[in-house]
Each structure stands twice: as structure tokens, then as C-alpha cells.
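Trainee: take this sequence and fold it.
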Amino acid sequence: MAVTPDFDAVLRTQGLEPLRRQTPHTLQINVGKLCNQACHHCHVDAGPGRKERMGRPVAERLMEIVAASPAIATVDLTGGAPELNDNFRYLVESSRAAGRHVMVRCNLTVLFVAGMEWLPEFYRDMRAELICSLPCYTAANVIQQRGAGVFEQSIAALRLLNRLGYGRSSLRLNLVYNPVGAFLPPTQAELEERYRQELRALEVEFDRLLTITNMPIKRFARQLRSWGKEAEYMSLLVNHFNPAAVDGLMCRTLVSAGYDGALYDCDFNQMLEMPLTIAGRALTVWEVDDLATLAGAPISTAAHCFGCTAGAGSSCGGALT
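Mentor: Numbering: from 1, shown residues only. Predicted coordinates:
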């Protein structure tokens, strides 16, 4: 197997400095790994049987940090399915009460889980921006990645959200595309137009499509190994390294918080247990008040960072270039 080059060394060969954090404007909160689905590409390894869940003390501490961090404009909730956490409503309501924009990374099918009927109206009332997984506009590809019945439920959920104003007003409804195989996403703007055409035929409207590269970690890494394509995929990422994507990397303006209160540079580092460190010390929510004090801190990198810098670049907000 070919040796993957050191990411920081590649930055140096391009005349780029090692990654350091700017003043964070987004706090991404991963509430745990419980999910009603178990998608093949999931970098979290989330699923129905996972027990890792954020408790109330950590949730309350995070809201204290938000209140003490005026530069944080956005609270980004993810999981697992973040809606299944007992503290989800508290986190959304508290963030909105503090004047922060709230984003929720929604898998769509969670709207049909028993007991979650209140979710669509709650999203609307909180004016939460939704980032919804829909890895393809065809049923066959969605089934391949996410399982039988998911496409039909996802379309039903999108129609429901449209009826509440999402994707048709100031209520933001964005979709996420992940490749179904070991390849890079196509051009985001072109794929967005194709999505728009195909979904309009299904009476679905949305605001933006975000293309996100599959990270070679956790469940997708295991899938690559089962295909015998792990080395090939890493070579693809390395060979398509794009220095123009480096400036927009999400880790530069985002702090990721884990369900147990540990802090990370991004959600991918979180899943690899690579903590945010200052002077060699891993930080938690109990040791930081204003997240702006983390500006200038070094960002931990590894081979998976080539996934965020390949081709047009990739982040939780889609393509970077």
C-alpha cells in the first residue's frame, strides 16, 4: 500500500503555512451517535444501537459558552440524528434566545420516527436552517447508500417542509450530496441544477445543494477496505489536492464539541479522537469560556484532511472553490 504523504508537509511544498484557527464564528455541537439510520458513508459510525449521547450538564455548559462568546454567530447541531437527543429542544431554544443562527443537520427520515411529529413546526418556529441529507435524486442510489424506503420518506419529508415554507421563503432548506462510491463529487453548481430539475418533477423545492466528499474514516473507510479501494481512494484525494481550498477550510473558523464535552478542530477530528490542543493539552468545555481565545491555535491534521482539500474542496458548507 502506498504511503500517504504528510498533510502539513504538502502544505509546506505549496508555500502554505501550517493551519491555525482564526476567530471562530461557528460552534458545531455533535450530540452523539444515536441515529435512526446507519448510512454506508457515515463518518460518525452512527446508528440505532449507539449509546453515546450528550447529557444535560454538557448541554448547559455549551450554552454558557455561547453566551460568553459574542463572535459565535452560528450554532450547528449534528449527530447522529441530533433531534433524537433529549437536549435537542433545549439547545435550539437556548441558542435562538441568545440571538444565534441555528443550523440542524437533518437526515429527513427522523421526521417520521414515532414521537417526533412536533419537529417540522418546531424547526419553523425556531427559524432553524436545515441541512438535509439526500445523496442522490434517484431512488436507486439513495437505497444503495441509505437503505430501502429512505428515498420515499425523504421526499415526503421535503414536501412537508416545503408546505411549511422551507425552500420557498426565508426558511432555508439545503440538501447534501455525498458520492455513492470512491470518487469525488461533481461540480456543485452543475449538480445543483440537475437536482433542481429532478426534484421539481417530484414537487420538491430547496435553496442550495452542498457537495461533500466522503471522508476515508470510520464506516466509509471500512467500506473502502472491503472493496479493496482504500489506497486508490487516498491516492485520488492526494493527487487532487487543491491549495486554493485551504483558506476556506471549516476548521479555521469552527470549533467542534463532542457529546462528552471534549473540544475538537472539526467533526472529522472528533471521530478520530484528535482533540483540540493548546500547548499539548487537550481542551474541554470546562476549560474555555469565550471561544475567541482559541484564535491562533494550531489545528491538528492527518491524512483525512486531503478529503477537505481535494478537487473543489469540501466542508460542512459544501464546495470551497
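Trainee: surely Leu158 meets Asn107?
Mentor: No - between Leu158 and Asn107 there is no contact, the gap being 12.0 Å when judged by Cβ atoms under 8 Å. (C-beta placed from N, C-alpha, C; glycine too.)
Trainee: for Pro275, what are phi and psi?
Mentor: Note on Pro275: its backbone torsions stand at phi -70, psi 160 [degrees, to the nearest 10].
Trainee: show me the contacts for it.
Mentor: Going by Cβ atoms under 8 Å, 6 or more residues apart in numbering, Pro275 touches Ala262, Leu263, Tyr264, Asn269, Ala282, Leu283, Ser300.
Trainee: for the fifth one, which non-adjacent residue is spatially closest?
Mentor: This points to Ala282. Distance criterion Cβ to Cβ, 6 or more residues apart in numbering; nearest residue to Ala282, sequence neighbours excluded, is Pro275 at 3.8 Å.
Trainee: same question for Arg89.
Mentor: Beyond its immediate neighbours in the sequence, the residue positioned closest to Arg89 (Cβ to Cβ, 6+ apart) is Phe122, lying 7.0 Å away.
Trainee: double-check that that neighbour belongs to a strand.
Mentor: No - when classified by DSSP: H, G, I helix; E, B strand; the rest coil, Phe122 is found to be helix rather than part of a strand.
Trainee: is Val246 in contact with Thr309, as I believe?
Mentor: Yes - in terms of Cβ under 8 Å, Val246 counts as a neighbour of Thr309; the distance is 6.1 Å.
Trainee: so between these two, which is more surrounded?
Mentor: Residue environment comparison for Val246 versus Thr309 gives the larger neighbour count to Thr309, 27 against 21, counting by other Cβ atoms under 10 Å.
Trainee: so the nearest residue to that one once chain neighbours are set aside: helix, strand or coil?
Mentor: Distances taken as Cβ to Cβ, 6+ apart put Ala245 closest to Thr309, at 4.6 Å, once the chain neighbours are dropped. Using three-state DSSP, the structure places Ala245 in helix.
Trainee: hey, which helix or strand in the protein has the poorest pLDDT?
Mentor: Between all helices and strands in the chain, the lowest mean by mean pLDDT, DSSP states H and E belongs to helix 139-146, at a mean of 81.
Trainee: counting contacts, what elements does that one pack onto?
Mentor: Using 3 or more Cβ pairs under 8 Å, 6 or more residues apart in numbering; DSSP states H and E as the contact criterion, the neighbours of helix 139-146 among helices and strands are helix 150-163.
Trainee: helices or strands up against the helix it packs on?
Mentor: Counting by 3+ Cβ pairs under 8 Å, 6+ apart, the packing neighbours recorded for helix 150-163 are helix 119-126, strand 129-133, helix 139-146, strand 173-177.
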